[in-house]
Each structure stands twice: as C-alpha cells, then as structure tokens.
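J.: Got a predicted structure here, sequence first:
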Amino acid sequence: MDTDELVTAVKDGDLRLHELEQRADADVATAARRQLLADETSADLDTVGAYAFDAATAEPNIENMVGAAQVPMGVVGPVAIDGGAVDGEPYLPLATTEGALVASVNRGCAAIRAAGGATARVLKNAMTRAPVFRVEDVAEASETAAWVKDNVDRLAATAESTTSHGELRDVTPYVVGDSVFLRFAYDTKDAMGMNMATIATEEACEAVEAETPADLVALSGNLCSDKKPAAINSIEGRGRTVAADVSIPREVVKSYFGTTPEAISEANTRKNLIGSAKAGALGFNAHAANTVAAAFLATGQDIAQVVEGSNAITTADARGGGSTSDASGAASDANESGGDLYASLTIASLELGTVGGGTKLPTQHEALDIVGVRGGGDPPGVNANALAEIITTAALAGELSLLGALASNHLASAHEELGR
C-alpha cells in the first residue's frame, strides 16, 4: 500500500497506527503517519520528516515512528585524560538546546588541558535489577534471604545461562516484613545492560521460587532503582561508578576563570555541599546532569537514566599556600603564591554502553566514532569504561567552569554575552 492508501485505511478504521509496517516498508509507514497527523492537526511536519537514515534502522528503538527530533550537536575538547580505560585527548560530542553549555564545558576542558590533564577511573561496574517476592512472615523471609546468601554461585550460573557476556557480581537480600527484595548486580561489559540484567534475573527468580517459600510478585521491585531518584544508587552505585579529578595551578585558575582556588573552593562548599544538604538533595554538584544529558543524547544512551547520572558529588580544595579570598574572588594577601586548586567529580551511577540500544542509530554511531569507543571493546567492557571516564571528565570541566563563573560573578554576564 502507498502512503495515501495507508492514511485512508487508518481513517476508515481498517488499520491501526502500529499496524502500518505490516502493509508497507518502514519509510512509507512513517510518511503515512506523518501525513495523517498533518491532516488532523494542521501541523507542518516537513522538518520532522527530514531525517537522514532509513526508518527500518530505528525499528528496535521506536514505535509509531513519524520522523526524528533533531537536537543541535556541538563538541568539546580535546581534553587530556589519564584513565583506566582511556589515555589521550579525546573529543566529546554534546547534543543540547541549552545555550552556553558547550562553551562552558569547553572552557573547563581547556583549563584541564592547560593544567596537564585530568585523572579518571571507573571504580565499580554493577547494573542492578531487584525483584520483590512475597512470603508468609518474617521467618520465611529470613529463610529465603539465608538461602540466597548461600547460593549466589548457583544463581550466577542460572542467570549467566541467558547471556554470553553478562556476569552476576552479587545478590543482596533486603527484608521488609513479608516482602523480600533481591538486588542482583551484573557486570554487563560494553552494554548498558538493563535488558540483559532483566532477562538473567527472571531466570534466577525461577530458582529462588523453586528452592524457597518465596513467590515472585514483580521482576522489578524499585530497589534497583531505575530512572528514579534513589539513595541506594548514590551509596551502592548502579551501572558505572566513576571518579575524575584534576589539580589546576593557581595561575591557570586565574587565567581561565578570573578567580582564585580559594574562591572556587568556598563557592563549592557553600553551594554544592551546604546548599545541597539543606535542600535534601541526592546530588551534591553544580550541574553535572547537564553534561551527562548532552553526552547521552549525542551517543545514544537512555536519556531517562540522567536521573541516576545526577547522583554526583563535586569537591574543590585549595592545596598549599595560605592566601584567602574575599567575596569577589580576589586574593586577599596581594601575592600570587597561594595554593593550587584540586577538584574532583564522582558520579555514583552512570548507566551507559557502547553497544545496543540507541548506540546503533546512525547519528549516535557517528558520535561514538568521534570519541573512538563505538562497539564492543577488547577486552569486553573497555569501551564503555572509556566513555564513562570521558563523560565524567567533561562533567568535571562543566563543574569547574560554572563554579568559576559563580566565584567571579560572571555567570549572568556570560549568558548575556552569548545572547542566551
């Protein structure tokens, strides 16, 4: 069927929107939905329809496709990184609609480069899924938890039978009355791994039901916790836990940020630490989610998992020297022999991958090529680790730039200058 025939069939009730691919190829079906929407809403969808890939390519990622949302993409870097998985000066594409974000992150990257580079490491890799089971009482709950603790190896063999790459790292029981939650944690290599963890956990749950009094209620019991603010992810981590830090000489701080290490340290303490604590925040940072979201959009990650990506703590200290600073950020002792700036960013739950999901889409495919981490790594997991280290370093650059703007009272003027 051609586009007009498909539109007529939908309007007459002979076809539903999701059935169009059964009667035509993906591009024709997509065009028909777009025409139907234009007819019924009077919207001009020419730009929505001006995408640069075959609609069939996106079939695993979208239903009822009508086109594509185009987000401007910029690039930051190069930024020098001494990482556990990356060593060099990669670029990082960022897709965003927030004016001044790319410029701000790039300023931070330039300062890091001038300081000789940052250090970054993936500290932990554990994608989680936490099913919830029903038991009769706390005695049965205790019995179930004890069996799980004694049989992690058996559960690992069962779970890993469903995947050629995933490895079960641990299973932690949590008991709440007559509910038992089991938090399964997996090394998912270069995949973000949510689907992998879900399928593997479902298999393991059958063994739990067969050997204990517990009955499965839901494969996800929200203790995972996916796409929701959760203290457990801030503490235990989810996906990759990553840290990056840098030591920036005083003169570089002054040259790039127009302020002092002491002023940036004070702004970080009062804003990111005290202010966040007073607000009851889970993230103790300036705007790490900004960089994480832009990198996720560019490289094909699940954008909703920016929620977990904001679980980050920024630290900043003036090391060495004894000078202090006033509210304007000027050195109060009139000499420039004070300490340098040490800054770090630790993201507790950065969930990403370089295979699967949106990474296979053409634009995101090209963005990963810019970073140099597309596809599976050798050994498995190294590409996703490298991407995590690069994103965390870029987010640290963004933290430095914003803190510098706040400490020097340049935030508003920077947005005005860039016409934002």
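T.: Yep, that arrived.
J.: any low-confidence regions in the stretch 251-400 of the chain?
T.: Scanning the stretch 251-400 of the chain with the threshold set as pLDDT under 70 gives 321-337.
J.: For Leu20, which non-adjacent residue is spatially closest?
T.: With CB to CB, 6 or more residues apart in numbering as the criterion, Leu20 has its nearest non-adjacent residue at 3.6 Å, and that residue is Ala29. In short, each C-beta sits where N, CA and C put it, glycine included.
J.: Give the buried residues for the strand or helix carrying the one you found.
T.: According to DSSP states H and E, Ala29 maps onto helix 26-41. Using 16 or more other CB atoms under 10 Å as the test for burial, helix 26-41 gives 26-38.
J.: didn't the residue nearest to Leu20 look like it was pressed against Val7?
T.: No: under the criterion of CB atoms under 8 Å, Ala29 makes no contact with Val7, lying 10.7 Å away.
J.: Please, where are all the strands along the stretch 251-400 of the chain?
T.: Along the stretch 251-400 of the chain, counting by DSSP state E, counting those that start in this stretch, strands occupy 312-319, 340-350.
J.: Show me what the last one is packed against.
T.: Helices and strands touching strand 340-350, as assessed by 3 or more CB pairs under 8 Å, 6 or more residues apart in numbering; DSSP states H and E, comprise helix 231-236, strand 239-248, helix 250-257, helix 261-267, helix 288-299, helix 306-309, strand 312-319, helix 382-407.
J.: Please name whichever of the strands of the stretch 251-400 of the chain is nearest to Ser161.
T.: With CB to CB as the measure, strand 340-350 is the member of those nearest Ser161 (27.1 Å).
J.: can you list the helices and strands packed on strand 340-350 in JSON lines and add distance to Met1 and mean neighbour count?
T.: Formatted as JSON lines, the helices and strands packed on strand 340-350 follow (distance: least, CB to CB, whole Å; neighbours: other CB atoms under 10 Å):
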{"stretch": "helix 231-236", "distance to Met1": "47", "mean neighbour count": "17"}
{"stretch": "strand 239-248", "distance to Met1": "43", "mean neighbour count": "25"}
{"stretch": "helix 250-257", "distance to Met1": "60", "mean neighbour count": "19"}
{"stretch": "helix 261-267", "distance to Met1": "62", "mean neighbour count": "25"}
{"stretch": "helix 288-299", "distance to Met1": "34", "mean neighbour count": "26"}
{"stretch": "helix 306-309", "distance to Met1": "40", "mean neighbour count": "26"}
{"stretch": "strand 312-319", "distance to Met1": "50", "mean neighbour count": "21"}
{"stretch": "helix 382-407", "distance to Met1": "42", "mean neighbour count": "28"}
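J.: Tabulate the ones you listed (JSON lines), appending distance to Glu59.
T.: Converted to JSON lines, the helices and strands packed on strand 340-350 look like this (distance: least, CB to CB, whole Å):
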{"stretch": "helix 231-236", "distance to Glu59": "31"}
{"stretch": "strand 239-248", "distance to Glu59": "26"}
{"stretch": "helix 250-257", "distance to Glu59": "46"}
{"stretch": "helix 261-267", "distance to Glu59": "48"}
{"stretch": "helix 288-299", "distance to Glu59": "20"}
{"stretch": "helix 306-309", "distance to Glu59": "25"}
{"stretch": "strand 312-319", "distance to Glu59": "34"}
{"stretch": "helix 382-407", "distance to Glu59": "24"}
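J.: and Thr119, which of the ones you listed is closest to it?
T.: strand 239-248 (5.7 Å).
J.: For the closest one, name the packing helices and strands.
T.: With contacts defined as 3+ CB pairs under 8 Å, 6+ apart, the packing partners of strand 239-248 are helix 101-114, strand 118-129, strand 340-350, helix 382-407.
J.: can you rerun that using 10 Å?
T.: Applying 3 or more CB pairs under 10 Å, 6 or more residues apart in numbering; DSSP states H and E, one finds that strand 239-248 makes contact with strand 81-83, helix 101-114, strand 118-129, helix 261-267, helix 306-309, strand 312-319, strand 340-350, helix 382-407.
J.: Can you classify Asp46 by secondary structure?
T.: coil (DSSP: H, G, I helix; E, B strand; the rest coil).
J.: thought it was touching Arg34?
T.: Yes: using CB atoms under 10 Å, Asp46 is in contact with Arg34, at 9.1 Å.
J.: any residues in contact with both of these two?
T.: Common contacts of Asp46 and Arg34 (CB atoms under 10 Å, 6 or more residues apart in numbering): Gly67.
J.: can you pull the contacts of Asp340?
T.: By CB under 10 Å, 6+ apart, the residues touching Asp340 are 115, 246-253, 261, 317-321.
J.: bridging residues for it?
T.: Arg319 (DSSP bridges).
J.: is it true that Ser142 touches Gly177?
T.: No: taking contacts as CB under 10 Å, Ser142 lies outside contact range of Gly177: 11.6 Å.
J.: Touching both of those two, which residues are there?
T.: Val135.
J.: Please say which of those two ends up with more neighbours.
T.: When neighbours are counted by other CB atoms under 10 Å, Ser142 comes out ahead of the other of Ser142 and Gly177, with 14 against 9.
J.: name the element the more buried one belongs to?
T.: Ser142 belongs to helix 138-150 when elements are defined using DSSP H and E.
J.: residues near the residue lying closest to Thr241 once chain neighbours are set aside, how many?
T.: The spatial neighbour of Thr241 that comes closest, neighbours along the chain excluded (CB to CB, 6+ apart), is Lys124 at 4.0 Å. When neighbours are defined as other CB under 10 Å, Lys124 has 16 of them.
J.: residues in contact with Lys124?
T.: Arg169, Ala185, Asp187, Glu236, Gly237, Arg238, Gly239, Arg240, Thr241, Val242, Ala348, Ser349.
J.: what's the pLDDT at it?
T.: The model reports Lys124 with a pLDDT of 96.
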